[in-house]
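[1] everything below, folded, please.
(chains A and B, ligands or ions: 1)
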Amino acid sequence: MNDSTAKNLALSHMWVAFSAFILACFMGEYQVLERSGLFDSLSSPSVYFASVSTHGVLMAFVLTTFFIMGFGYYTASHSLKVPVWNPKLAWTGFAIALSGVVMAAIPLLSGLASVLYTFYPPVQAHVAFYMGATLLVIGSWVWCVIMVVMFYQWKKANPGQTVPLVMFATTANALLWLWTSVGVALEVLFQLIPWALGWMDTLDPGLARTLFAWTLHPIVYFWLIPAYTAFYVFAPKQAGAYLFSEEAARMALIVLVVFSLPIGFHHLYMDPEQAKGWKLLHGLGTFIVTLPTLVTGFTVIASLEIAGRLRGGKGLFGWIGTLPWGNSMVLSVILSLLMLIFGGFGGIVNASYAMNTMIHNTAWVPGHFHLIFAGTTIIMYFAIAYYLWPILVKKPLFSKSLALVQLWTWFIGMSIMTTPWHVLGLLGQPRRISSVQYNNLLTLSWEPYELLMILGGLVLLGSACLFFYLLVKTQFGASTEVFEGEVEYAEPLHAVKDLPEYLNDFKLWNKAIAVLMTISFGIPILQFFFMDTYGSSGWGY
Amino acid sequence: MHIDPLERKWVQVSLGMCALFVSIIMLDALFHGVNAPSNVETIDSRKIHLSEEFGEDNLGVQVAENGEITVRLVAGRYAFFPKEITIPAETKITFRWVSMDVLHGVHMPMTNMSTMIVPGYVSQVESSFPRPGEYPMLCNEYCGLGHDHMWSKVSVIDREEWDASRATPDAATNDTTDEEQNNE
Ligand SMILES: [Cu+2]
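    Residues are numbered from 1 along each chain as shown, chains lettered A, B, ... in the order given. Purely as a prediction, here's the structure:
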């Protein structure tokens, strides 16, 4: 099959993603230097907050969304063995999303949108920032539609057959994103844009925060699902074995999608505009979402164990040493899972309804999400890139050993950087500050940790540059060798037979989500239209 | 459909762990009253200075007839008003906060006094501080470019010291010393 369209789509999307990534890495290192207070010449709150805002938007919105779209186009076309449906539409989506990024970048870089990546009304950014963010989301909806259409066209053409796991996961992610982006879309379209344009004098920050919370948690799973997909469909094969259980994988994905949607209120635990009963309800839901992660961990480790034993590993832990540690996908999975264990522990503290009080908005929080996002998730994005690049550009990877060095340094750098963040959080340091101005003994104890963070950041920056260099060298290097490999998916240990329709389709699950969303967000949103609320006019910064 | 017995066991173990966490939280919330701060009370942020409760004279520490202590503070860029307060240790204290402009958040390090302050709403938290000492009260939500400078000082003093200062006739002492310090 000639899948050059899918390859071009994948490459174009991923180059945007990784360009955003490398830019954001430089900003990250600047930020740890600035906030340490060691370099007087660097201290500038206006540059710092512009940088934090841009770093967040580039990493969380641009890197992720473009990577996920590129990954989805290629794996959908490859696994279903059909060309991408309506390539013209796909390129239009790419153009819309990219123009949104440019449109948002201008005010961000010129300091006219220092509202951090969650917007924070009633502090008001330039309207171009909100519009740019909206275009990025609209562009990504085009991708969602294409994925869902391809899923159902294939099902129609292949009645009774099992949809390939990779496509099942991608479609699950597309549906998750359609559902979850509605919250922020409502906020931007009905509150932020009309208000920034002056068509509306005031907005209600309580409602804005509630709508954002709708998006804010599931978005994390939107970023994470490609990493889990690689755990399930690539890693077992690369390790030389089978997927322990495909049915469990599908169940985990479904539970993740269905239950991650109605739980956003754990971001509002400390907020005054929602009542405790609703917070408690969302809090309980949050714990249900730990289940698919626990199941994923089990399935992946079991798959690796089979591989290790097939390679001659003996005893309780002997199989770990015999795993192919030199395979970048396998190494990434191991490092990624390690970070997931520590990050997951922090997440349970955050999610715990009352314990959250101690670490809310402290440095603990970025420590936690850098482990989960920049650690667990991004390390798998690297692994996927190393795996796909040779296939996409038909040249071998520039250097396998450098790729391993890059993955290890990323892991080490992330460990060095996030540990002090967790400690600082427990010592009460707020997360979003550019310098420490409090004249208090306590704040002296924060200083050594700031130094460690600079070191961790430097290791990470070096690692990020190496990653970018490897991609460039692979694609544009002088090598004349041709790479013939193909994407290979892991076979399940037990062939999938008599799969119930609810593990091969999403119709039922969409209905379940609709019910859960109505329960968990219905009254909490409607209340703003029943109580006497007072809006806020826009503020500069 | 095939589910491995081991996997089934693991799911049961996971469910058990989940249930354990959930029941601890539920027990604390329903029986011990450990809850996230939420009272869903609205206020017009633009008219705070005119409101009775948050008028200038009513800010700070107030002791009711029955001895209950309420602290009212206004958050505005870039300070909490008042800038300094003194409260007794080992005593239940109710904090009520409003914002006069944008979003703020406040916490006292290593205590459970923490809440977001959203314009248009009154935030209320209850806390008590076992250990006397000087605590900073920090703004933890980005509120503008002067955000780093936004903090207040809280002196938590011994319960006996507090009672003594209130019992003596020149008990306004607390207030005067505060003023003297401010004048320095
Ligand atoms: Cu502030």
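[2] quick one: low-confidence ranges for the chain?
    With no chain named, the answer covers chain A. Counting by pLDDT under 70, the ranges of chain A that qualify are A:1-2.
[3] looking at chain B here, not the other one
    B:168-184.
[4] please see if the helix ranked longest in it touches chain A.
    When chain B is parsed with DSSP state H, its longest helix is helix B:5-31. Yes: using CB under 8 Å from any CB of the partner chain, a contact is recorded between helix B:5-31 and chain A, made by B:6-7, B:10-11, B:14-15, B:17-18, B:21-22, B:25-26, B:28-29. Any C-beta I mention is one placed from the backbone N, CA and C, and that applies to glycine too.
[5] show me where chain B has its helices.
    With DSSP H as the criterion, chain B has helices at B:5-31, B:159-167, B:173-183.
[6] now the second one - C-alpha only, PDB.
    C-alpha atoms of helix B:159-167 as PDB (Å, rounded to 0.1, in the frame of the first residue of the first chain):
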ATOM      1  CA  ARG B 159      -3.100  30.400  74.200                       C
ATOM      2  CA  GLU B 160      -2.100  31.700  77.700                       C
ATOM      3  CA  GLU B 161      -0.300  34.700  76.300                       C
ATOM      4  CA  TRP B 162      -3.400  35.500  74.200                       C
ATOM      5  CA  ASP B 163      -5.800  35.100  77.100                       C
ATOM      6  CA  ALA B 164      -3.500  37.300  79.300                       C
ATOM      7  CA  SER B 165      -3.300  40.000  76.700                       C
ATOM      8  CA  ARG B 166      -7.100  40.100  76.500                       C
ATOM      9  CA  ALA B 167      -7.700  40.000  80.200                       C
END
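[7] can you report how many residues lie near A:L444?
    Using other CB atoms under 10 Å in any protein chain shown, A:L444 has 10 neighbouring residues.
[8] do A:G312 as well
    A total of 10 residues lie near A:G312 under the criterion other CB under 10 Å.
[9] and it, that one's in a strand?
    No: residue state for A:G312 (DSSP: H, G, I helix; E, B strand; the rest coil) corresponds to coil; a strand is not indicated.
[10] which stretch among the helices of chain B comes nearest the ion?
    Minimum separation from the ion across the helices of chain B (CB to the ion) falls at helix B:173-183, 21.9 Å.
[11] so which of the residues of helix B:5-31 next to chain A is the most crowded?
    Of all the residues of helix B:5-31 next to chain A, B:I25 has the most neighbours under the rule other CB under 10 Å, reaching 21 neighbours.
[12] what sits against it?
    In this structure, B:I25 makes contact with A:280, A:283-284, A:352-354, judged by CB atoms under 8 Å, 6 or more residues apart in numbering or on different chains.
[13] at 7 Å what do you get?
    Shown here is B:I25, whose contacts under the criterion CB atoms under 7 Å, 6 or more residues apart in numbering or on different chains are A:283, A:352-354.
[14] helices or strands next to the helix ranked longest in chain A in the packing?
    When every helix of chain A is counted residue by residue (DSSP H), the longest turns out to be helix A:4-36. For helix A:4-36, the elements it packs on are helix A:45-56, helix A:64-80, helix A:87-109, helix A:378-393, helix A:447-476, judged by 3 or more CB pairs under 7 Å, 6 or more residues apart in numbering or on different chains; DSSP states H and E.
[15] got the angle between it and helix A:87-109?
    Relative orientation of helix A:4-36 versus helix A:87-109 (axes from the mean of the first three to the mean of the last three CA atoms, to 10 degrees): 10 degrees.
[16] now the closest residue to B:G144 other than its chain neighbours: which helix or strand?
    Excluding the flanking residues, the one nearest B:G144 by CB to CB, 6 or more residues apart in numbering or on different chains is A:Y541, at 4.0 Å. Element membership for A:Y541 (DSSP states H and E) is empty, with no helix or strand holding it.
[17] residue contacts, A:Y541?
    Residues in contact with A:Y541, defined by CB under 7 Å, 6+ apart, are A:114, A:123, B:144-145.
[18] out of the residues you listed, which two sit at the greatest distance?
    A:V123 and B:L145 (10.3 Å; CB to CB).
[19] B:E52: neighbouring residues, count only.
    By other CB under 10 Å, the residues close to B:E52 number 7.
[20] how many other residues sit next to the residue nearest to it when sequence neighbours are not counted?
    Residue nearest to B:E52 in three dimensions, not counting chain neighbours: B:N58, with 7.2 Å by CB to CB, 6+ apart. Here the number of neighbours of B:N58 (other CB under 10 Å) works out to 12.
[21] same question, B:I43
    Under the neighbour criterion other CB under 10 Å, B:I43 is assigned a count of 20.
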